[in-house]
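J.: Structure for this input, please:
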Amino acid sequence: MQEELDALKKKNTWELVPCPPGANIVRSKWVFKTKLNQDGSIERFKARLVAKGFSQVPGLDFDETFSPVLKPTTLRLVIALATTQSWPLRQLDVKNAFLHGMLKETMYMTQPLGFVDPQYLEYVCCLHCSIYGLKQAPRAWFDSTDELLQQIISNLSEEFALKDLRPLHYFLGIEGTSQYGIRYLEHSPLSLTGFCDADWAGCPLTRCSTTGFCIFLGANCVSWGSKKQPTVARSTAEAEYRALASTTAELMWITFLLRDVAISLHSPPQLFSDNISALHMSINPVFHARTKHIEIDYHFVREKVAIGSLITCYISGIDQLADLLTKPLLKHRYQLLRSKLGVFSSPLSNLRGSMKTITANHEHHGEQKGKLDNQKGKRQVYDQQGKNKEAEITNQEQRIQKSNMKASNGQEIAKSKLLIE
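T.: Numbers count the residues shown, from 1 in each chain. Sure thing, here's the model as predicted:
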């Protein structure tokens, strides 16, 4: 807590002033968190002073809000390039980043709990810099770094106190599932390939189609998406053509991003679709009567194909990877396409899955053994019953034979008496 307070005082974040009458005084709060390393061990115990920004009044305490968030495609593209180009990755964390943003509005906040100045008990903090919790804090921080982000990290260290987080093992602020991960191959060519598909009239309520696409840098999937189209398509070709346009926009953006990091592609991006009519529409302005109702902004696909910035190709529906992102599939089909996207079970998940499999096998073996024992017992009962039945039949046969023998003996005795007489 003292370290956090020292950082606030060092940046001259506020000054104590008498409480203005009628002013909206935002309360402060201490937030505590245990920071962990990637192996789960405790790194440090952190305390942060935040403002209760939910009590701010729009138009009075703030005007515009904005939070700069990294696009996931950019992150995946950088990781894919670092893997294929053998780039070292490091990350830097700006200590108390929001404190570097200057406030344009006049804001008042209560003194930190536990650190109230005993000489000025009734005073409040007049904020000069943004503080965590304020609605406009992310925007103020972004405005302060607009020019500095154009410089090298060494220049940033002259302005900010940067913390070196050592070689990149996990990305700060990004959390994912522990069961599955996406695998990036080291030896992969610098080629951009896209797959797009559309589920025509898939929504039962609006009858809008669903666009699905995935984009690969070499063999590494860097971008994917699934989104319902804003308008109703009158045919399958129209729905597929709109999917082509959306994927083309994403491909062009990735191409520009690669140029910014001085990466040039050996050939124009390729875009695969399983609809021949949509591909014909992207190559030449045919079927005017059937396509004149399509918005003009979707026809920029033709422009990119005409100038050689894009190559559209046909692919069969069986090999269409974007089929995964447009409709529900059978389990084996879903797992096949998922693996082709580079999504695999993480090692920990495999171990856990193996243990479950072993346990399941033991349980299954026990069940099978129990069933076999029951069947064996039943067979033994049946065999015993059969033996008893056979013994009973044998006894009956023996009794019959004895009775027959007695009868035959009686007849012979009667014959003997007759002969004697």
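
J.: Could you double-check that G114 lies in contact with Q2?
T.: No - assessed by C-beta atoms under 8 Å, G114 is found out of contact with Q2, at 10.1 Å. Placement of C-beta: from N, CA and C, glycine included.

J.: so T211 bridges to which residues?
T.: Beta-bridge pairing for T211 (DSSP bridges): A198, K227.

J.: what about stretch 252-262, distance to the chain center?
T.: Averaging C-alpha positions (C-alpha atoms, centre = their mean, to the nearest Å) puts stretch 252-262 24 Å from its chain's average.

J.: How about residues contacting that stretch?
T.: Stretch 252-262 is contacted by residues 73-74, 77-78, 81, 192, 215, 217, 222-223, 264-265, 269, 304, 309-310 when judged by C-beta atoms under 8 Å, 6 or more residues apart in numbering.

J.: let's see 7 Å
T.: Here stretch 252-262 makes contact (C-beta atoms under 7 Å, 6 or more residues apart in numbering) with T73, T74, L77, L81, L192, I215, S223, L265, P269, K304.

J.: any chance you could map the helices in the stretch 201-350 of the chain?
T.: Shown for the stretch 201-350 of the chain, the helices assigned by DSSP state H, counting those that start in this stretch span residues 236-260, 276-283, 288-291, 300-306, 331-340, 347-420.

J.: Now Q2, what are its backbone angles?
T.: The phi/psi pair for Q2 (degrees, to the nearest 10) reads phi -70, psi -40.

J.: Surely N37 touches E43?
T.: Yes - the pair N37 / E43 is scored as a contact, 5.0 Å apart, by C-beta atoms under 7 Å.

J.: thinking again about what came up before, ok, of the contacts of stretch 252-262, which come out buried?
T.: Listed as buried from these are T73, L77, L81, L192, I215, S223, P269, K304; burial here means 16 or more other C-beta atoms under 10 Å.

J.: Quickly check these for the two that are furthest apart.
T.: Farthest pair in these (C-beta to C-beta) is L81 and K304. Separation: 23.1 Å.

J.: Narrow the buried ones among the contacts of stretch 252-262 to those in strands?
T.: Residues of the buried ones among the contacts of stretch 252-262 located in strands (DSSP state E): L192, I215, S223.

J.: Please identify which of those residues is nearest to H128.
T.: Taking C-beta to C-beta as the measure, H128 lies nearest S223 of those, at 41.3 Å.

J.: what's across from the closest one in the sheet?
T.: Under the criterion DSSP bridges, S223 forms beta bridges with I215.

J.: ok, now how distant is it from D63?
T.: Distance, S223 to D63, using C-beta to C-beta, to the nearest Å: 34 Å.

J.: Name the spans of the stretch 251-400 of the chain whose pLDDT lies under the cut-off.
T.: Within the stretch 251-400 of the chain, the set of residues satisfying pLDDT under 70 comprises 285-293, 297, 347-400.

J.: repeat that for 80
T.: Within the stretch 251-400 of the chain, the stretches with pLDDT under 80 are 284-299, 346-400.

J.: what number of residues lie near L5?
T.: By other C-beta atoms under 10 Å, 15 other residues sit near L5.

J.: Settle this for me: it is touching V116, isn't it.
T.: No - assessed by C-beta under 7 Å, L5 is found out of contact with V116, at 11.8 Å.

J.: Which secondary structure element is home to G181?
T.: Element membership for G181 (DSSP states H and E) is strand 180-182.

J.: next one: K135
T.: Here K135, judged by DSSP H and E, is contained in no helix and no strand.

J.: same thing with the one 5 residues further on?
T.: Here A140 sits within helix 137-144, counting by DSSP H and E.

J.: again with T83
T.: Assessed by DSSP H and E, T83 sits inside helix 72-85.

J.: domain parsing for this protein?
T.: Following automatic domain parsing, one finds the domains of the chain at 2-78+93-167, 184-345.

J.: any idea which of the ones you listed is most buried?
T.: domain 184-345 (a mean of 17; mean count of other C-beta atoms under 10 Å).

J.: Next, the distance between the ends of that domain.
T.: End-to-end distance for domain 184-345, by C-alpha to C-alpha, to the nearest Å: 13 Å.

J.: and it, how far from the chain's centre?
T.: Distance, stretch centre to chain centre, for domain 184-345: 20 Å (C-alpha atoms, centre = their mean).

J.: Stretch 54-73 too?
T.: Mean-position distance between stretch 54-73 and its chain equals 26 Å (C-alpha atoms, centre = their mean).

J.: end-to-end on it?
T.: Per C-alpha to C-alpha, stretch 54-73 runs 31 Å from first to last residue.

J.: Identify the residues contacting that stretch?
T.: Against stretch 54-73 from outside (C-beta under 7 Å, 6+ apart): 24, 26-27, 105, 107, 134-136, 138-139, 142, 222-223, 254.

J.: Minimum pLDDT in the residues you listed, which residue is that?
T.: Within the set of the contacts of stretch 54-73, pLDDT is lowest for F142 (73).

J.: How about that residue: what's its closest non-neighbour residue?
T.: P68 (4.8 Å; C-beta to C-beta, 6 or more residues apart in numbering).

J.: three-state assignment of the one you found?
T.: Recorded secondary structure, P68: coil (DSSP: H, G, I helix; E, B strand; the rest coil).

J.: Could you check the pLDDT of it?
T.: At P68, the predicted lDDT confidence score is 74.

J.: can you check L156 too?
T.: L156 is given a pLDDT of 58.

J.: Looking at the ones in strands among the buried ones among the contacts of stretch 252-262, which is nearest K52?
T.: K52 lies nearest to S223 out of these, by C-beta to C-beta, at 38.1 Å.

J.: wait, that closest one sits on A249?
T.: No - look at S223 against A249 with C-beta under 7 Å: they stay out of range, at 11.2 Å.

J.: So what does H128 look like in phi/psi?
T.: Here is the backbone geometry of H128 (degrees, to the nearest 10): phi -100, psi -40.

J.: V17 is in contact with that one, correct?
T.: No - the criterion here is C-beta under 7 Å, and H128 misses it with V17 at 11.2 Å.
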